[in-house]
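Colleague: Need coordinates for the below:
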Amino acid sequence: MEKKARTATPKWLGVAVQALVYLNRDDGELCSSGEIAGAIGSEVTLVRRVLTRLVQAEMVTAREGRDGGYMLARSADEITLADIYRAVEICDPICPGILHRPEDNEFCTDVTDAVSEIIEATEKKMLELWDSYTLASLVRRCESESQHI
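Modeller: The predicted model follows:
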């Protein structure tokens, strides 16, 4: 079982989803990374790194320069949560403690390998479900939740 080299942490997924929801605003204007970071309460450097992944995945377009910024490249109906997850490429498992592996311990290695296979299967099932949710459906859900407050 070979794992793809990835650098993102689970926090990146939250930043990606929040940034995309923010970019979904109706005005269609470019948003700076600083504006996005302020709106979602995150560090500008992290937001830029995440947005780079979203640009590479063709979910977001970027314009450089003084008047530059970011905007959605596709309709929110065309972006699934699974697309976002795949674009960010999280490297750390959701529960890293379960993969504790002391050096030179064959028993722990066997258990960790077995758990890793289960985590991989879980991720596959999760992505199948997440493919049924779009950014637009998430935005609608957030709007209906905020009306109940």
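Colleague: Report the next helix or strand after the lengthiest helix in the chain in sequence order.
Modeller: Longest helix in the chain by number of residues, with DSSP state H as the criterion: helix 106-130. The helix or strand immediately downstream of helix 106-130 is helix 135-147, counting by DSSP states H and E.
Colleague: which residues touch that following helix?
Modeller: Applying Cβ atoms under 8 Å, 6 or more residues apart in numbering, the external contacts of helix 135-147 come out as 17, 20-21, 24, 75-77, 79-81, 84. C-beta: built from backbone N, CA, C; applies to glycine.
Colleague: SS state for the nearest residue to residue 28 once chain neighbours are set aside?
Modeller: Closest residue to residue 28 in three dimensions, ignoring its sequence neighbours and counting by Cβ to Cβ, 6 or more residues apart in numbering: residue 71, at 6.6 Å. State at residue 71, reduced to three classes by DSSP: H, G, I helix; E, B strand; the rest coil: strand.
Colleague: Just to check, residue 71 is in contact with residue 59?
Modeller: No. Between residue 71 and residue 59 there is no contact under Cβ atoms under 8 Å: 10.4 Å.
Colleague: which regions of the protein sit below the pLDDT cut-off?
Modeller: Applying pLDDT under 70 to the chain picks out residues 1-8, 26, 90-103, 146-149.
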